[in-house]
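K.L.:
Any chance you could fold what I've pasted below:
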Amino acid sequence: MSGQFQSRDGFQPFTKEVDAENEDLARERIYTTVGSQHNRKRTQIEIEEVTAA
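P.N.:
You can find the predicted model right below:
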């Protein structure tokens, strides 16, 4: 998955790999992981691309 999150300096890009049963669960894990690591709310995180590996 790739996307960006809002920071003090603008938007910061990210790329993460997660194991999930489906795309919705993968999105939820990204929201919780990026949100907790960078102290951001879901509205401050934009997921742009979801790919299956």
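K.L.:
Work out which residue lies at the spatial centre of this protein.
P.N.:
Centre of the chain computed as the mean C-alpha position; nearest residue by C-alpha atoms, centre = their mean is residue 30, 3.9 Å away.
K.L.:
list the contacts for that residue?
P.N.:
With contact taken as C-beta atoms under 8 Å, 6 or more residues apart in numbering, residue 30 is in contact with 1, 3, 16, 18, 45, 47. Every residue, glycine included, has its C-beta placed from N, CA and C.
K.L.:
For those residues, work out which two are farthest apart.
P.N.:
Greatest spacing in the contacts of residue 30, by C-beta to C-beta: 18 and 45 (13.6 Å).
K.L.:
coming back round to it: which among the contacts of residue 30 end up buried?
P.N.:
Among those, those classed as buried by 16 or more other C-beta atoms under 10 Å are 1, 3, 45, 47.
K.L.:
need the next SSE after the helix or strand hosting residue 37, C-terminal direction.
P.N.:
In this assignment (DSSP states H and E), residue 37 forms part of helix 23-38. Sequence order places strand 45-49 as the next helix or strand after helix 23-38, per DSSP H and E.
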